[in-house]
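1. need coordinates for the following:
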Amino acid sequence: FIPEDWMRHPYNFFQNVRRSARRVALWDLKGPEAKRRMMSWLDATILESHFAEMKSMGVEVIRVPCGYWNWVTYAHDDGPEVSGVYATGPICESMKNLHRIASPREYRKYFDRIFEFAERHGVQILLDLHGLPGSQNGEIHSGVCIESNDEHLGFFQCQANLQMAVEAVREMARYARSKRNLFGIQVINEPHLHTDEGHSFLESYYQQAILAAREFLDPSVPIVLFEWTYEMCKWDDNAFPESIYGKVCWDTHLYHFPSSGQTWTSQNNGLEQAKQAYSWDLQQLRQFSKAQGRDKVFVCEFSLAGPSLNSPETLEFAEWLVQQMDFACSGSMLWSYDNRITAWSLQRQCREWGVDWKRIWATRDNAREGALIGIRAASFGTWLTANDQGAVEADAPEHSWWEEWVPYRYSVQGKAKLALRSAAFGTWLSVTSEGEVTQAENRSAWEEFSVLYHADHDGHQCISLQSFHGSWLAVRRFNGPAGRLLLSSAYSIHDTEVNTAWLVN
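-> Below is the predicted model:
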């Protein structure tokens, strides 16, 4: 419903459209030709065969970006409010082109078609309000292109535009309430509201939009909000309580690209560079999931763009990224289904690169994942901690985020096994054949421990952990009673000079 200039699939939607800014966008459509062009595009891009193919490739939920003009319109010659020097200029007039293309009623049959095709093939739909009145970011994916001094400008931040957006969400909910395969409704995409005032405005919009949707939707239907990873710290824990708002979920988008003049190739360790580029975002995502609820946060956009890797490393990167997102939150969605650029196309990645998305998305660890735990050295009272240098230590006096671990419990031939994954970094506790305790990106036998259970200690479970190599996870005091605690491994559980007993909190 909001074509972008660069995608050009199955054809160039903007062929022969005169642009009014640096990039052509939907607001550049004018006159009676606009409706014909838009309806022809929707006829060409909403086919049942697409839904059948997506299902065969492992897709469970399809996110459908749309604009406010698909749901509500303005009377007479009114349009979104535009502030300042732009209030009476061409920007204000061009914005009106969006709701002049067609009426909300004329778009309904295409939404009906989407829900019908999706239901036939067992796929759910997330309706996504991608373009808001006045534009929440000035970007082409909101239907406009507004730039000043190389910065994008949006004019959503005013009460008139907020109320129109709330009304659009209300209409989306009114329409979708009877759809059995509705996953949820997303109320915004990628807002550029980064000031304190912008954050307060966004919070107010979220509150009003959620309650408007709840007029028609059951509390169990997710209402999806958006936040960038670098803004997640601004929100309180459990920011929108389910007891008041029903189920509220959060979307974020993860993209990283080499800096200008750089490349990430298989010849220059590009796979590791790409992984490193995502590490900070993944850490923020894990923390935000803990604060809001792990089943309430997901990534609605990522792609394989950025690295230029050989085939085996491309497949490794795809699998690694999905595994990391699955660990950090409740799932991920690839942008997009079809595109002329393979790195951005599910369809082409499966056909041309051999990426088996169905297998990747379906892969889940068969070990039982437990609730977050902390692990304390019984003899010293200090905590097992992971740091950002890839090391593991056991001298943290207090328990915080860095000392939390996700346990994976299972058994092999009747023997209890445990693997521990850092909540902060997504890495695995590992012991090398030389006895070094470290973090590992992937889990293998070296990251699995046999568990010896002791009698409970002060109400806490007490265990010892034996590595694949036969050594025991241990802490010893270095250089006397006041010396530093060192984490290592010991080959005897009865060594009185080391701590091999751990308390699980």
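
2. only C-alpha atoms from now on, for both contacts and neighbour counts.
-> OK.

3. so how far is whatever helix or strand Q349 lives in off the chain centroid?
-> For Q349, the host element (DSSP states H and E) is helix 346-352. Between the mean C-alpha location of helix 346-352 and the chain-wide mean there is a distance of 21 Å, by Cα atoms, centre = their mean, to the nearest Å.

4. show the pLDDT at E369.
-> According to the prediction, E369 has pLDDT 81.

5. alpha carbons only: can I get the helix holding Q349 in PDB?
-> Provided in PDB are the C-alpha atoms of helix 346-352 (Å, rounded to 0.1, in the frame of the first residue of the first chain):
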ATOM      1  CA  LEU A 346      12.800 -13.700   1.000                       C
ATOM      2  CA  GLN A 347      11.800 -15.100  -2.400                       C
ATOM      3  CA  ARG A 348      15.200 -14.500  -4.000                       C
ATOM      4  CA  GLN A 349      17.200 -15.600  -1.000                       C
ATOM      5  CA  CYS A 350      15.400 -19.000  -1.100                       C
ATOM      6  CA  ARG A 351      15.700 -19.400  -4.900                       C
ATOM      7  CA  GLU A 352      19.100 -17.900  -5.600                       C
END
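
6. for that helix, give the mean pLDDT please.
-> Mean pLDDT, helix 346-352: 97.

7. which parts of that helix are buried?
-> Residues of helix 346-352 classed as buried by neighbour count (16 or more other Cα atoms under 10 Å): L346, Q347, R348, Q349.

8. quick one: residues in contact with the following helix or strand past it.
-> Downstream of helix 346-352, the next assigned helix or strand under DSSP H and E is helix 357-362. For helix 357-362, the surrounding residues in contact (Cα atoms under 8 Å, 6 or more residues apart in numbering) are S56, M57, G58, V59, E319, V322, C350.

9. what's near enough to touch the closest residue to D395 other than its chain neighbours?
-> Excluding its sequence neighbours, the residue lying closest to D395 (Cα to Cα, 6 or more residues apart in numbering) is T382, at 5.2 Å. Contact analysis of T382 by Cα under 8 Å, 6+ apart lists R376, A394, D395, A396, P397, E398.

10. CSV for those residues, including secondary structure and pLDDT?
-> Below are the contacts of T382 laid out as CSV (DSSP: H, G, I helix; E, B strand; the rest coil; pLDDT from 0 to 100):
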residue, secondary structure, pLDDT
R376, strand, 94
A394, strand, 90
D395, strand, 89
A396, strand, 92
P397, coil, 92
E398, coil, 94
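
11. near the residue lying closest to G293 once chain neighbours are set aside, how many other residues are there?
-> Distance criterion Cα to Cα, 6+ apart; nearest residue to G293, sequence neighbours excluded, is N238 at 7.3 Å. Using other Cα atoms under 10 Å, N238 has 15 other residues around it.

12. go on, E151?
-> Residues near E151, counting by other Cα under 10 Å, number 11.

13. when you give positions from now on, start the count at 13
-> Sure, I'll start counting at 13 from here, so that last one is E163.

14. quick revisit: where does the residue nearest to G305 fall, phi/psi-wise?
-> Per-residue torsions, N250: phi 50, psi 60 (degrees, to the nearest 10).

15. if I look at it, what pLDDT would I see?
-> According to the prediction, N250 has pLDDT 97.

16. report the contact partners of it.
-> By Cα under 8 Å, 6+ apart, N250 lies in contact with A303, Q304, G305.

17. can you check S95 too?
-> Residues near S95 by Cα under 8 Å, 6+ apart: F167.

18. how does it look with 10 Å?
-> Neighbouring residues of S95 by Cα atoms under 10 Å, 6 or more residues apart in numbering: C104, G146, G166, F167, F168, Q169, C170.

19. with E183 instead?
-> Applying Cα under 10 Å, 6+ apart, we find E183 in contact with Y80, N82, W83, V84, P116, A177, R189, A224, A225, F228.

20. please redo it, this time with the cut-off set to 8 Å
-> Listed by Cα under 8 Å, 6+ apart, the contact set of E183 reads W83, V84.

21. cool, H153 as well?
-> Going by Cα under 8 Å, 6+ apart, H153 touches I14, P15, E16, A37, H142, G143.
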